[in-house]
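Undergrad: Generate coordinates for the sequence data below:
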Amino acid sequence: MRRQSFRDAALVLRTYDFAEADRVVVLLTRSHGIVRSVAKGVRRAKSRFGSRLQLFVELNVQLYPGRNLATITGADTVSFYGARLIGDYERYTAACAVLECAERLAVAESGDDPYLFDTANQTLKSLQRCEEPTLVLDSFLLAATAHAGWALSLFDCAQCSRPGPHHAFHPGAGGAVCVHCRPSGSVDVPEEALHLMWLLLNGRMAEARGVAAGPDGAQLVATAHRLTRAHVHWQLETTLRSLAAMEEG
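TA: From the prediction side, this is the model:
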């Protein structure tokens, strides 16, 4: 039975060379989840759309399903974000972390749920012009993991629901923990850092920027990012290389 080709919005998550002139392209699509595809002949100088199949580009792609890999038969650029990302190390690594995390989370997403694509795409757009890339990235990480079923409790105790604010955090416990429930390995944190994470989780970016601009803002942003990173690594059971690269920078 002949399979039907389809068109979808997509972001390139990563690519690698394949055969003599082809390239495997891993796509996050809006309506079909992760699609592993091959772009035939794109490494040749006369390729029709090879230059469009790169990171930080929103695409409209035509795909023909295959047994192991779909074939990209067309690709049109919708938005190009790379110009303002590639030249700035912090924005670039934050954008890479968005794509890397999206690929990991897409395994748990159903193909007919556009949330992850829409959120990742909007985050790349925001990273182009934001003043604080770490806040934008952490907002994405917290919201995307919450959508995948790993929402943090950042006010009430994650274990017993005792009302907060609390001053300890453990990623395995699910976020903030009270003095009665805190497991071994919990870290002491200022309640303002947990409040900042709550603002980011709920998309209240203007208020989050206000906290970041305060007298202890830099320290609170750093603490919130460290806790967010610990949460993501705990849930994904792996270290995201792009998040590690942010710390090295």
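
Undergrad: what about the longest helix in this protein?
TA: For the chain, the helix reaching the highest residue count under DSSP state H is reported as helix 217-236.

Undergrad: Am I right that N60 is in a helix?
TA: No: read with DSSP: H, G, I helix; E, B strand; the rest coil, N60 is strand and lies in no helix.

Undergrad: Direction included, what does the longest strand anywhere in the chain pair against?
TA: Identified as the longest strand of the chain according to DSSP state E is strand 6-18. Within its sheet, strand 6-18 is paired with strand 22-29 (antiparallel), strand 57-64 (antiparallel), according to DSSP bridges.

Undergrad: Could I get those in TSV, plus columns for mean neighbour count?
TA: Just so you know, the C-beta spots here come from the backbone N, C-alpha and C atoms, and that holds for glycine as well. Shown next, in TSV, are the strands paired with strand 6-18 (neighbours: other C-beta atoms under 10 Å):
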stretch	mean neighbour count
strand 22-29	22
strand 57-64	20
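
Undergrad: and the residue nearest the centre of the chain, what element?
TA: Against the mean C-alpha coordinate of the chain, by C-alpha atoms, centre = their mean, the closest residue is V98 at 2.8 Å. According to DSSP states H and E, V98 maps onto helix 89-106.

Undergrad: thinking again about what came up before, for the residue nearest to the centre of the chain, what are its contacts?
TA: Contact partners of V98, counting by C-beta atoms under 8 Å, 6 or more residues apart in numbering, are A120, T123, L124, L127, L137, F140.

Undergrad: How about A208?
TA: L135, S139, L196, L199, L200.

Undergrad: Just read off the phi/psi values of the first one.
TA: L135 has phi and psi values of phi -60, psi -40 when expressed as degrees, to the nearest 10.
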